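Q: Sequence plus the predicted model coming up.
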Amino acid sequence: MSASSPKTSVVTGGAGFLGSHLSDRLLKEGHRVIAIDNLITGNVANIEHLAGNTHFRFIRQDVTQYIYLPDEVDYVWHFASPASPIDYLELPIPTLKVGALGTHNALGLARHKGAAFLLASTSECYGDPLVHPQKEDYWGNVNPIGPRGVYDEAKRFAEAITMAYHRFHSMDTKIVRIFNTYGPRMRLRDGRVVPAFIGQALTGQPVTIFGDGSQTRSFCYVSDLIDGIYRLMMSDFHEPVNIGNPREMTILQFAEEILRIIGSGSKIENRPLPVDDPKVRQPDITRAKAVLGWEPKVQFEEGIAETIAYFRTRVERDLGPAVH
C-alpha cells in the first residue's frame with residue numbers, strides 16, 4: 001500500500017451500538033473499515049446505512065474463532081462483547097469467551113498485521129467501588145464469583161492480556177475504560193437504564209427503578225465517547241484511560257428527568273436491587289484531559305433529546321404512536 005492509501009481498521013463488534021458509531025467515525029476519517037460481528041447482540045440495522053459503501057465491509061463471524069483476513073490492517077478495535085446486564089446474565093459463557101478467547105484472537109490479528117490495538121474495556125472493572133470518583137489507578141472491588149463477575153472478570157482478563165502483549169511483544173496497545181454511554185442505536189430492551197426508562201415512559205408503562213434509586217451513574221453521549229476513543233488510539237499512551245461524562249445523577253433523578261422531558265404519565269415503580277449492583281459510578285477524567293485533550297461536549301439535555309427521538313421512531317414502528 002502506498003503512503004496515501006487509506007488506513008484499514010478492523011472493528012470487532014462492528015454491528016453493535018458502539019461499534020457501529022465507531023465505524024461511522026472511522027469512515028469519516030478516511031479509513032477502510034472491516035466490521036466483524038456474530039450478531040449475538042449486534043444488529044445489521046445499525047450498519048444498514050453503510051450498505052454499498054466501498055470502504056466498508058461486514059463479516060459475520062464469532063471472534064472467539066480464529067480470525068483470518070488477507071488484508072493489510074493498520075488498527076484493530078476490539079469492541080465485541082455482550083455489554084448489558086440482561087445480555088451477560090443470559091450469555092455468561094459467551095461473555096467470558098469473547099473477553100478471553102476473543103481478545104486473544106484480536107490481539108493475535110493485530111500482532112500478525114503489525115497493527116495498533118485498542119481494547120474497549122469498562123468501568124465495571126472497578127466493580128462496586130470503594131473509591132469515588134474512580135481513577136485509573138484504582139484496582140476495583142469486584143466479586144469474581146457473583147453473577148456480574150462473568151462480565152467484570154472477562155474485561156479484567158482482557159486488560160491483563162492486552163498489557164502482556166504490550167510488554168512481551170512490544171505491541172502498540174491502548175485500553176479505554178468506558179463509562180455509561182447512551183445515544184441512538186441502543187437496543188430498546190437491552191436492560192440498560194437509558195433505553196429501559198425511555199421505552200417505558202414512551203409506552204406508558206411503569207418506570208422500574210431497582211432499589212431506592214439513590215445509586216448514581218454518569219451518562220456520556222455516544223459521539224463524545226467515540227471522539228475520546230479515537231483520540232486514544234491515535235495517541236502514544238498505553239495505560240488505561242477513563243472515557244465518560246463526570247456529571248453524576250441518581251437513578252431516581254434520571255427517571256424523573258426522562259418523565260419530564262417526554263411528558264409521560266408513567267409512574268415510578270421500585271424493584272429489588274440486583275446482586276453486586278454498583279452504588280456509585282463516576283469517572284475521574286483527569287488523565288483523558290491531560291493526555292488526550294478530551295472532555296465531553298454534548299450537554300445532557302441535547303443528547304437525551306436525540307436519544308428519545310430515536311427511540312420514539314422505534315416504538316412507533318413496533319407498537320404504533322407513543323403513549324403520553
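A: Good, I have the coordinates.

Q: Check which helix or strand residue 107 maps to.
A: Residue 107 belongs to helix 103-113 when elements are defined using DSSP states H and E.

Q: avg pLDDT for that helix?
A: Helix 103-113 comes out with an average pLDDT of 98.

Q: what about dumping the CA coordinates of that helix to CSV?
A: What follows is helix 103-113, C-alpha atoms only, in CSV (Å, rounded to 0.1, in the frame of the first residue of the first chain):
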residue,chain,number,x,y,z
THR,A,103,-9.4,-10.7,22.9
HIS,A,104,-6.6,-13.3,22.4
ASN,A,105,-7.6,-13.7,18.7
ALA,A,106,-7.9,-9.9,18.2
LEU,A,107,-4.5,-9.3,19.7
GLY,A,108,-3.1,-12.1,17.5
LEU,A,109,-4.5,-10.5,14.4
ALA,A,110,-3.0,-7.1,15.4
ARG,A,111,0.4,-8.6,16.1
HIS,A,112,0.4,-10.6,12.8
LYS,A,113,-0.5,-7.4,10.8
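
Q: who does the helix or strand just after that helix pair up with?
A: Toward the C-terminus, helix 103-113 is succeeded by strand 116-122 as the next helix or strand (DSSP H and E). According to DSSP bridges, strand 116-122 has the following sheet partners: strand 75-78 (parallel), strand 173-178 (parallel).

Q: Determine which stretch of those strands is the most buried.
A: Most buried of the strands paired with strand 116-122 by mean neighbour count (mean count of other CB atoms under 10 Å) is strand 75-78; its value is a mean of 28. C-beta: built from backbone N, CA, C; applies to glycine.

Q: re the thing from before, export the strands paired with strand 116-122 to CSV and tack on mean pLDDT and distance to residue 202?
A: CSV is the format used below for the strands paired with strand 116-122 (pLDDT from 0 to 100; distance: least, CB to CB, whole Å):
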stretch, mean pLDDT, distance to residue 202
strand 75-78, 99, 32
strand 173-178, 98, 26
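
Q: Figure out which of these is closest to residue 38.
A: strand 75-78 (13.8 Å; CB to CB).

Q: Need the residues that contact that closest one.
A: 7-13, 19, 22, 31, 63, 102-103, 106-107, 109-110, 113, 115-120, 158, 229, 233 (CB atoms under 8 Å, 6 or more residues apart in numbering).

Q: Please work out how many residues are found near residue 95.
A: Using other CB atoms under 10 Å, the number of residues around residue 95 comes to 25.

Q: you'd agree it is in a helix?
A: Yes - the assignment for residue 95 (DSSP: H, G, I helix; E, B strand; the rest coil) places it in a helix.

Q: hang on, isn't it packed against residue 83?
A: No - assessed by CB atoms under 8 Å, residue 95 is found out of contact with residue 83, at 9.0 Å.

Q: So for the two, which residues contact both of them?
A: In contact with both residue 95 and residue 83: residue 151, using CB under 8 Å, 6+ apart.

Q: Ramachandran coordinates for residue 271?
A: The phi/psi pair for residue 271 (degrees, to the nearest 10) reads phi -130, psi 160.

Q: ok, now the one 5 residues further on?
A: When read as degrees, to the nearest 10, the backbone of residue 276 gives phi 60, psi 20.
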